[in-house]
Every structure is written in C-alpha cells, then in structure tokens.
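S.K.: The following comprises the amino acid sequence and a computationally predicted model.
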Amino acid sequence: MTRLAWLKAVMTALILVFAPLTLAADSAPDTTQQSIQLDINTADAVAIAEALEGVGMVKAQEIVAYRELFGKFHSVDELAEVQGIGAATVEKNRGRIVIVNE
C-alpha cells in the first residue's frame, strides 16, 4: 500500500468514526438558553447582558438607566422604549424576560 493510499484510508476511517459524533452534537437541542428567565425589574446590567440575546453591556446599562429614571417596567414591550433596544430584540428575548411588579 502506498503512502498516499494509506493516508486516504486513515482519513476516511477518521471521518467515519467522528462524523456521527459531530452530527449528534449539532442536532441536540440547546436547552440552556431556553431555561433562562430574567426579571428585568431587578437584574443588574451584567445579568441582563448575559441573559438576553443581542444585548451587550452598553445596552444592558441603558436598560438599567431607563429603569432607574422611569421606574419599573410594566410590560416586556416597554423595553422597546429604551435607546438601542428595538422591537426585534424584544421579540427575540420575549421568552427570557419576566416582569415582576410587587
């Protein structure tokens, strides 16, 4: 067996062994993001940035500043009034946000 043929055989064997593992990992549902529930009225900027998709530290700080200036949020849709937070970001994160008004 030549070196090239041997190399092809080894590469094929590796692909056959590891391909099913990578396919299984790709098709597994991501439950970590689905289980996050964030109370937007009590969370700090770090927690907001970590929990919400498309919200970095700057936008998270804007959310906290808005809350401190205008009071607690009464609905998830009210987040769209925060500078830098649009309706698309609100919709993307609607399932992650909880409004607790005590």
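M.R.: Yep, that arrived.
S.K.: Tell me which stretches of this protein form helices.
M.R.: Counting by DSSP state H, the chain has helices at residues 3-27, 45-51, 57-70, 87-93.
S.K.: and residue 37, which of those helices is closest to it?
M.R.: Proximity to residue 37 (Cβ to Cβ) singles out helix 45-51 among the helices of the chain, at 8.4 Å. Where C-beta positions appear, they are placed from N, C-alpha and C, glycine not excepted.
S.K.: In PDB, could you pull the C-alpha coordinates for that closest one?
M.R.: Taking C-alpha atoms only, helix 45-51 is exported to PDB below (Å, rounded to 0.1, in the frame of the first residue of the first chain):
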ATOM      1  CA  ALA A  45     -26.500  45.200  33.800                       C
ATOM      2  CA  VAL A  46     -24.200  42.200  33.900                       C
ATOM      3  CA  ALA A  47     -27.100  39.700  34.300                       C
ATOM      4  CA  ILE A  48     -29.100  41.400  31.500                       C
ATOM      5  CA  ALA A  49     -26.100  41.300  29.100                       C
ATOM      6  CA  GLU A  50     -25.500  37.600  29.900                       C
ATOM      7  CA  ALA A  51     -29.200  36.500  29.600                       C
END
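S.K.: Please work out which residues outside that helix touch it.
M.R.: Residues from elsewhere that reach helix 45-51 (Cβ atoms under 8 Å, 6 or more residues apart in numbering): 36, 38, 40, 43, 55-57, 59-61, 63-64, 96.
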